[in-house]
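> Fold the following, please.
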Amino acid sequence: MKFQFRAFLFLIFGLILFSCVKEIKDDPTIKTPKIFVDLDQIQERGKLVAITGYNAYSYFIYKGQPMGYEYELLKRLAADLEVELEIKVIHELEEMIEVLNNGGGDLIAFNLTVTKERTKAVSFTEHHTLTPQVLIQRKPDNWRQMKLHQIRRTLIRSPIDLIDKPLTVRMSSSYVTRLENLSDELGADLNIIESQANVSTEDLISMVARGEIDYTVSDGNVAKLYNGYYPILDIDYTISLPQRIAWAVRLNSPKLLNATNEWLRKEKKKNDYYTIYDRYFKNTKGFKRRINSEYFSLTGGKISKYDDLIKKYALKLNWDWRLLASIIYQESQFKPNKTSWAGATGLMQLMPATAKRFGVNDPANSHENIEAGVKFLKWLEEYWNEEILDPVERLKFVVASYNIGPNHIVDARNLAKKYGADPNVWYNNVETYLLKKSEAKYYNDEVVKVGYARGKETVKYVREILDRYEQYKELIKK
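Predicted coordinates:
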């Protein structure tokens, strides 16, 4: 009997312990940093890794160009810190905090509401904006034939009316916390339904508009943006005071926090800062235009109207077509009639001699232009094939040579050899000596055969193409 009683107690204790462990494990707010990386380490590394979401205002691709409120500001922050920018897309809010604290990123740049619970897990920057949380509900189907007071009578306008209503909100969001607090204030249990982890607030807003769910909650700035696209939505009932929207860093990254706050204070004194906000949160016409476009990565998935042609010719290089697309965007932004100041023409900006060499009769002809550009790239691959054995490195030399010609790259490699750098590695080695070819000491060096070069443009060219390619890989289907 004593044995059975002890076994029973052990079982109960085990269940309680399991429950506590599970609660701790599932609670994102008590996660703590697993590594130490602050501003010094980021600048030594030369790269800021920013975690953001993939939606119609934070980060997306439109007509081949990476865009978004967070994206534009992050580029400015990275430039201020004098580092490169790497974007990491995370779809779930809880996972963002987990990845940050595990060292998978340095900063969360997203439309995050500052909450007391979240401050246990991250350090928030100064806020970007203030916005209340609002209830998203659907007007009657015949609302256009109704008078305003008739419409209002069908809608929730009091917290009491929320009781027993199915309120579907994003999992682990601040909306859950706000509704729980409201439930306490009302002295009644609200019917709070958390969505699946991969369902965003924007998805839920669209579901309300389509009649698939009855209610959700959103930040007011996001609600206004989508209300311009879905006029059937009502967003006029506010359920909170204005909330602070901010970015976040690890608790043990005080230098990065201070530097980001200092940058943010400077940005807020510039008109551009507010222009960027208006572009993504107030320009509803631009938002509708993007949403309805087949070249919007969230809904259309195409990069350009030349995608099929690019895919066809990328096969001749055995390249991912998105890499070729990134080069063409860099060259012409997919404008077939573009002509540069130097006389380069067409989608791939072929110089007259190159166009003639590879059989172009009409540089504005998309087929001819891409075919000739690909032939030139193929020739450059063969040119570097025996010199640069690593295919990843070889690609950088090919792309650089497409921009400035292989002879200048040969000079930069010779300089790299002479001064002790690695002539077979591009970043921080050959690119460094290409930059130095604008200095008399280096372009007059005996190992240099073709003289002066403005290497800065080519170094930027290579980085931008490969960075954009990484973004295409993440957001555009292969």
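> Tell me where the stretch 51-200 of the chain has helices.
69-81, 93-101, 148-153, 174-186 (DSSP state H, counting those that start in this stretch).
> The stretch 51-200 of the chain: strands as residue ranges?
All strands of the stretch 51-200 of the chain, identified by DSSP state E, counting those that start in this stretch, fall at 60-62, 65-67, 84-89, 107-113, 123-124, 129-131, 133-138, 166-169, 191-194.
> partners of the second one, with directions?
Strand 65-67 sits in its sheet next to strand 60-62 (antiparallel), going by DSSP bridges.
> what are the bridge partners for the residue nearest to the spatial centre of the chain, then?
A centroid search over the chain (C-alpha atoms, centre = their mean) returns residue 59, at 4.0 Å, as the residue closest to the centre. Listed by DSSP bridges, the beta-bridge partners for residue 59 are residue 55.
> Per-residue pLDDT of it, please?
Looking at residue 59, its pLDDT stands at 97.
> again with residue 477
88.
> Likewise for residue 352?
So, for residue 352, pLDDT stands at 94.
> My read is that it contacts residue 340, right?
No - counting by C-beta atoms under 8 Å, residue 352 stays clear of residue 340, with 11.4 Å between them. All C-beta spots, glycine's among them, are computed from the backbone N, C-alpha and C.
> mind listing the helices in the stretch 251-400 of the chain by residue range?
254-267, 271-281, 284-291, 307-317, 321-332, 352-357, 366-385, 391-404.
> Chain neighbours aside, what residue packs nearest to residue 130?
Among residues not flanking residue 130 along the chain, residue 242 sits closest, at 4.1 Å (C-beta to C-beta, 6 or more residues apart in numbering).
> from memory the one you found sits against residue 134, does it?
No - look at residue 242 against residue 134 with C-beta under 8 Å: they stay out of range, at 11.2 Å.
> Between the two, tell me which one has more neighbours.
With neighbours defined as other C-beta atoms under 10 Å, residue 242 and residue 134 compare such that residue 134 has more, 23 against 13.
> For that one, list the residues it contacts.
217-220, 223, 235-239 (C-beta atoms under 8 Å, 6 or more residues apart in numbering).
> From the residues you listed, list the buried ones, please.
Those of those that meet the buried threshold are 217-220, 223, 235, 237, 239, by 16 or more other C-beta atoms under 10 Å.
> so where's this structure uncertain?
Counting by pLDDT under 70, the chain has low-confidence residues at 1-30.
> That one - how does it break down into domains?
Domain assignment of the chain by automatic domain parsing yields the ranges 39-129+245-291, 133-240, 307-475.
> Would you work out how far apart the start and end of the second one are?
Okay, so that is domain 133-240. Using C-alpha to C-alpha, to the nearest Å, one end of domain 133-240 lies 5 Å from the other.
> ok, now which ones touch the spatially closest residue to residue 264 that is not a sequence neighbour?
In this structure, residue 264 finds its nearest non-sequential neighbour in residue 126, 5.4 Å apart by C-beta to C-beta, 6+ apart. Residue 126 sits next to 246, 261, 264-265 when contact means C-beta under 8 Å, 6+ apart.
> Next up, phi/psi of residue 126, please.
Per-residue torsions, residue 126: phi -60, psi 150 (degrees, to the nearest 10).
> again, but for residue 237
Main-chain dihedrals, residue 237, degrees, to the nearest 10: phi -100, psi 110.
> Can you name the residues bridging to it?
residue 135.
> and the buried ones among the contacts of residue 134, which two are the farthest apart?
219 and 237 (13.9 Å; C-beta to C-beta).
> Tell me if I'm right that residue 74 and residue 110 touch.
No - at 10.7 Å, residue 74 and residue 110 do not qualify as touching, with contact defined as C-beta under 8 Å.
> where do the contact lists of these two overlap?
residue 52.
> just to revisit the earlier point, pull out the buried residues from the contacts of residue 126.
246, 261, 264.
> check contacts around the second one.
Residues in contact with residue 261 (C-beta under 8 Å, 6+ apart) are 125-126.
> And for the one 5 residues further on?
Listed by C-beta under 8 Å, 6+ apart, the contact set of residue 266 reads residue 80.
> ok, back up a step: so of the contacts of residue 134, which ones are in strands?
217-219, 235-238 (DSSP state E).
> Of the residues you listed, which is the nearest to residue 270?
Out of those, the member with the shortest distance to residue 270 (by C-beta to C-beta) is residue 219, at 23.7 Å.
> export the buried ones among the contacts of residue 126 to TSV and tack on distance to residue 368?
Output for these, formatted as TSV (distance: C-beta to C-beta, whole Å):
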residue	distance to residue 368
246	51
261	53
264	49
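> Nearest to residue 396 among those?
residue 264 (33.8 Å).
> Isn't residue 47 up against residue 87?
No - Residue 47 is beyond contact range of residue 87, at 11.0 Å (criterion: C-beta under 8 Å).
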